[in-house]
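J.: Fold the following for me, if possible:
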Amino acid sequence: QMQLAESGGELVQPGASLRLSCVDSKFTFSHRGMAWFRQAPGKEREFVAAISYDTNTYYTDSVKGRFTISRDNAKSTLYLQMSSLKPEDTAVYYCAGRTPYSSGRHEEPVMYDYWGQGTQVTVSS
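T.: Reported below is the predicted structural model:
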């Protein structure tokens, strides 16, 4: 049974904006740090952004100022608002959740217990 379900990925032109969503079926969503990772063809999965259970946010340098991570605990939903998209943002985007109330090392995939199946974002003219 899937616990994380991403949506919102599509083909867009450079400079466009896009919002990804990730719905969490776990009733403990509000207690968990969450994150977005991405994986481009032929590359390793990389950290994009994270938000702690107490709403501290973290970003990889390449997306700072362009992407915003947020959460709606009432809807058990994680978001990634992406703007000024570039071809190098093309990847499959995954959301991930970690153990309740855990913190630290937010950029490391091993810190996350469960993952969605991904949504494809393609930035191309």
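J.: Can you pull up the most central residue in the chain?
T.: Taking Cα atoms, centre = their mean, the centroid of the chain lies closest to residue 36, which sits 2.1 Å from it.
J.: My understanding was that it contacts residue 82; is that so?
T.: No. Using Cβ atoms under 8 Å, residue 36 is not in contact with residue 82, being 9.5 Å away. Just so you know, the C-beta spots here come from the backbone N, C-alpha and C atoms, and that holds for glycine as well.
J.: what's the overlap in contacts for these two?
T.: Shared contacts of residue 36 and residue 82, defined by Cβ atoms under 8 Å, 6 or more residues apart in numbering, comprise residue 20.
J.: Point out where this protein drops to low pLDDT.
T.: 1-2 (pLDDT under 70).
J.: which residues in it form strands?
T.: 4-7, 11-12, 18-24, 34-39, 46-51, 57-59, 67-72, 77-82, 91-97, 114-115, 119-123 (DSSP state E).
J.: Residue 106: which of those is closest?
T.: Of all those, strand 46-51 sits nearest to residue 106, with 4.0 Å by Cβ to Cβ.
J.: buried set for that closest one?
T.: For strand 46-51, the neighbour count (16 or more other Cβ atoms under 10 Å) marks 47, 48, 49, 50, 51 as buried.
J.: which residues pair with the fourth one across the strands?
T.: Okay, so that is residue 50. residue 35, residue 58 (DSSP bridges).
J.: show me the contacts for it.
T.: 33, 34, 35, 36, 57, 58, 69, 106, 107.
J.: Since that was my last question, I'll sign off now.
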